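Visitor: Sharing a sequence plus its predicted fold:
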Amino acid sequence: MTTRLRVLDDGAWLSVDDTRRVSVSELWRLDAPDFCECALADLVVENFLDVGVDGRTVTARVYGQCIACGTKSTVEWVPVGRIVDGEFVHIDREGVLSVRGSTPDRAAAEEPERRSG
Ligand SMILES: [Zn+2]
């Protein structure tokens, strides 16, 4: 069984099996040393760029701003959920999210606005 992961509405939503599951404007606390100089970035999610699955973990490339220091940039592959028995399960995004940095096995190939390179 294939789980369809997509970015919809110009990056406003992550869709899993054609259901909108994760939206922009969430505030995430990220353990992402490459993003900014904060020990933990307080990231306001502004745009989803891509989504994929790494093992069972659904990860997304997101663009956003750290409200602590003002850095605006892209974060490579933030875990946002898990696939359990073919179903999307939210992870606790109010806790610290550890950015993996690794490209997922299966990125969403259908996204027409996806940039290469
Ligand atoms: Zn920061």
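Guide: Cool, the structure landed.
Visitor: Ala60 versus the closest residue to Ile67 other than its chain neighbours, what's the distance?
Guide: Of all residues not flanking Ile67 in the chain, Asp42 sits nearest, at 4.9 Å (Cβ to Cβ, 6 or more residues apart in numbering). For glycine as for every other residue, the C-beta is placed from the backbone atoms N, C-alpha and C. Separation of Asp42 from Ala60 (Cβ to Cβ, to the nearest Å) stands at 17 Å.
Visitor: so what's Val51 bridging to?
Guide: Beta-bridge pairing for Val51 (DSSP bridges): Ala60.
Visitor: What does the pLDDT read for it?
Guide: pLDDT, Val51: 95.
Visitor: What of Thr103?
Guide: At Thr103, pLDDT is 81.
Visitor: Use 40 as the first number from now on
Guide: Got it, first residue is 40 now, which makes that one Thr142.
Visitor: Low-confidence bits of this protein, can you list those?
Guide: Low-confidence segments of the chain (pLDDT under 70): 40, 145-156.
Visitor: returning to what we had before: can you tell me which residues contact the residue nearest to Ile106?
Guide: Residues counted as contacts of Asp81 (Cβ atoms under 8 Å, 6 or more residues apart in numbering) are Leu66, Trp67, Arg68, Leu69, Cys105, Ile106, Ala107.
Visitor: can you tell me which of the residues you listed are in strands?
Guide: Counted as lying in strands by DSSP state E, out of the contacts of Asp81, are Leu66, Trp67, Arg68, Leu69, Cys105.
Visitor: Dump those residues into CSV; add distance to Phe87 and neighbour count as well.
Guide: Formatted as CSV, the ones in strands among the contacts of Asp81 follow (distance: Cβ to Cβ, whole Å; neighbours: other Cβ atoms under 10 Å):
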residue, distance to Phe87, neighbour count
Leu66, 15, 12
Trp67, 12, 23
Arg68, 18, 16
Leu69, 15, 21
Cys105, 17, 22
